[in-house]
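Asker: one predicted model, sequence on top.
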Amino acid sequence: MRELQEECGLIVNEDDVRQIGMILFDFVGDDFFIEMNIFKTKKFTGVVQESEEMKPKWFPVSEIPFSEMWADDIDWYPIMLRDDMFYGHMKFKGHETILNEDITLVTSLKEMYSVHEKTLEAYSMKHIDC
């Protein structure tokens, strides 16, 4: 919640936020992966503002500029916008080319984390907390 406020000026209450997704980004040739947790809220206060991290802009759903975003966004944003929970594993060559993509709809956080652990195991990845 702190980072959201720092990066764009919006304030959310922890009770009004829920995790809706998780994506594991795997980059061929790199010895690391990125785990992105996706949270959603419909209640917030504050005024959206620009920061060093981002220049926020509102778009109608039908006009989201996917061509200017990461290649995988077009595949999971619609799931998120429908309020469906999901787990994704994206394998990239560099940061532009998707080699493999797997998105699984889940019904609970428990299921999401179970799929995550199975994915880590299947690809012999180790989770290291930093």
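Answerer: Yep, that arrived.

Asker: so, low pLDDT: which residues of this structure?
Answerer: Applying pLDDT under 70 to the chain flags the ranges 126-130.

Asker: centroid-nearest residue for it?
Answerer: Nearest to the mean C-alpha position of the chain, counting by C-alpha atoms, centre = their mean, stands residue 38 at 4.2 Å.

Asker: the helix or strand containing it pairs with which strands?
Answerer: Assessed by DSSP states H and E, residue 38 sits inside strand 33-41. When sheet partners are counted by DSSP bridges, strand 33-41 sits next to strand 17-27 (antiparallel).

Asker: show me which residues of the partner strand are buried.
Answerer: Using 16 or more other C-beta atoms under 10 Å as the test for burial, strand 17-27 gives 17, 20-27. For the C-beta atoms, the positions are set from N, CA and C on the backbone; glycine is no exception.

Asker: hmm, who's touching that strand?
Answerer: Applying C-beta atoms under 8 Å, 6 or more residues apart in numbering, the contact partners of strand 17-27 are 1, 33-41, 72, 76, 79-80, 83-95, 109, 112-113, 116, 119-120, 123, 125.

Asker: give me that answer again for 7 Å
Answerer: Identification of contacts with strand 17-27 by C-beta atoms under 7 Å, 6 or more residues apart in numbering yields 33-41, 76, 80, 83, 85-92, 109, 112, 116, 119, 123.

Asker: now the buried residues of strand 17-27 as JSON lines including distance to residue 53?
Answerer: Putting the buried residues of strand 17-27 into JSON lines (distance: C-beta to C-beta, whole Å) gives the following:
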{"residue": "17", "distance to residue 53": "19"}
{"residue": "20", "distance to residue 53": "21"}
{"residue": "21", "distance to residue 53": "21"}
{"residue": "22", "distance to residue 53": "21"}
{"residue": "23", "distance to residue 53": "19"}
{"residue": "24", "distance to residue 53": "22"}
{"residue": "25", "distance to residue 53": "19"}
{"residue": "26", "distance to residue 53": "24"}
{"residue": "27", "distance to residue 53": "22"}
